[in-house]
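A.B. asks: Provided below for reference: sequence and predicted model.
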Amino acid sequence: MNDRGASAVHDTTSAVQTGQSLRGEPTTRPVVSSAAEESPFSGPITTGPLLPGLSFTSGFDREPFSVSAHTVVPVPSARPDAEEVIGKPAIPAPTAAAAQVDVPSAVASNVDLEPGSWSIEPNLRARGPAYAVMQECLARQEVATPRGRLARALGNSPLHPDARSWYSGALGEIVVANALAQLGDEWTVLHAVQVGSGSADIDHVILGPGGIFTINTRNHSGKKIWIGGSTFLVNGYKQEHMRKSAHEAERAARLLSSVTGRPVSVTPLIVVVNPASITTGRKRPRVTVLSSNTLKRWLLRRPRVLSDRAVAHFSMFAEERSTWHTEPVTMNDTSGRLSQFEQLRMQVDAARQRARLWLLALGVGAILITPVAIAEIVRLIISLLVIPGR
């Protein structure tokens, strides 16, 4: 960050510590007297087409600069209302002293913390992919009957039938996340962004020079995809992917517009993991559908519609959980869930490998036994054709 950006952050942090509103106009506004003193967030930006033939262009010189304090914060007893989600802080801004509190140290020093009322919440950029899908997979896997020794030896899958689709979905989101990780520092990539008040989430939200996108990941590996208009077929069976993807993008645009105070355009994408083929009909698809293998190249080839300042500005809001969800913090044990899923994945991979070895052994055995079996059958037929006594 340059000196002017650091100065803006320092000024805003001071405003947080003194209780000044970050959303309202500052008490004293610096006067820009020359181009050399221009605000780090000034200059034109373009958010892309909002409506056919209409685009939005503005500058950041009059935009209040907000700073996120990812610190130890108290969990509110009640959910914030809609007004709090769209702009007003859902919880009191932490002071400088609160920003330096360390939970383990506080517990060790007998600081009075109510059980379950404090949580260290990093921003959404720190969240890994497929978190919500992993949660659902593990919840259904809890009722699975443990495999016996024979089942493990034969390579039977440990997955419960109800958990298989969620497991496949999680693997698909991980594949797409690996592709997005190669975009570079100009792009902000967020995974498993929970929206609303429940567990519904957007698989990926990305912001970069090419615009702002929501990605709906679908693991249809090895299957034939046909798209046209609002129709999405997987091996001939219709799916509702188009409608859901468009809804996610509209919702993301509405939430980002609310917290930034600017019209925001969000483009929906459907990314299919390793499909056998993607065929497009005569009608132009309502939503762009891409293979996971072409996602990175497609994004990097988009024409620039956001300046670096604009990407930084929108990313600052997009990384905040309170932008998307009614709960400003989460108490879920993310690291524990990821560890459980990784263990399950190792078990599934080991079972699959063992099953393949059995198939290989049976195939080799059949090849070796076939000549002997044929010779034995011929001998038996000859013995039946021979008439005794002649």
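C.D. replies: Perfect, I can see it now.
A.B. asks: Packing partners of the one helix or strand S168 maps to?
C.D. replies: Here S168, judged by DSSP states H and E, is contained in helix 164-180. If contacts are counted by 3 or more C-beta pairs under 8 Å, 6 or more residues apart in numbering; DSSP states H and E, helix 164-180 sits against helix 131-141, strand 188-194, strand 201-208, strand 211-218, helix 295-300, helix 334-385. Where C-beta positions appear, they are placed from N, C-alpha and C, glycine not excepted.
A.B. asks: what angle do the fourth one and helix 164-180 make?
C.D. replies: When you say that, I think you mean strand 211-218. Here the directions of strand 211-218 and helix 164-180 differ by 150 degrees (axes from the mean of the first three to the mean of the last three C-alpha atoms, to 10 degrees).
A.B. asks: so what secondary structure elements neighbour strand 211-218?
C.D. replies: Applying 3+ C-beta pairs under 8 Å, 6+ apart, one finds that strand 211-218 makes contact with strand 45-51, helix 164-180, strand 201-208, helix 241-260, strand 266-272.
A.B. asks: W226 bridge partners, please.
C.D. replies: Under DSSP bridges, the beta-bridge partners of W226 are L233, T279.
A.B. asks: and it, how many neighbours does it have?
C.D. replies: 17 (other C-beta atoms under 10 Å).
A.B. asks: How much space separates it from D201?
C.D. replies: 27 Å (C-beta to C-beta, to the nearest Å).
A.B. asks: got it, and Q182?
C.D. replies: 23 Å.
A.B. asks: More neighbours: which of these two?
C.D. replies: Per other C-beta under 10 Å, whichever of Q182 and D201 has more neighbours is D201, with 22 against 11.
A.B. asks: so the more buried one makes contact with L190?
C.D. replies: No. If you go by C-beta atoms under 8 Å, D201 and L190 don't touch, sitting 10.3 Å apart.
A.B. asks: Please report how far the nearest residue to T280 once chain neighbours are set aside lies from V364.
C.D. replies: Among residues not flanking T280 along the chain, I227 sits closest, at 5.6 Å (C-beta to C-beta, 6 or more residues apart in numbering). For I227, the distance to V364 (C-beta to C-beta) stands at 43 Å.
A.B. asks: More neighbours: which of these two?
C.D. replies: I227 (23 against 10).
A.B. asks: and the gap between the more buried one and T279?
C.D. replies: 7 Å.
A.B. asks: and what of T260?
C.D. replies: For T260, the distance to T279 (C-beta to C-beta) stands at 39 Å.
A.B. asks: Neighbour count: these two, which is higher?
C.D. replies: Using other C-beta under 10 Å as the criterion, T260 and T279 rank with T260 on top: 19 against 11.
A.B. asks: tell me the SS of the closest residue to the more buried one other than its chain neighbours?
C.D. replies: Spatial nearest neighbour of T260, excluding adjacent residues (C-beta to C-beta, 6+ apart): F317 at 5.4 Å. Classification of F317 using DSSP: H, G, I helix; E, B strand; the rest coil returns helix.
A.B. asks: Right, I'll leave it there.
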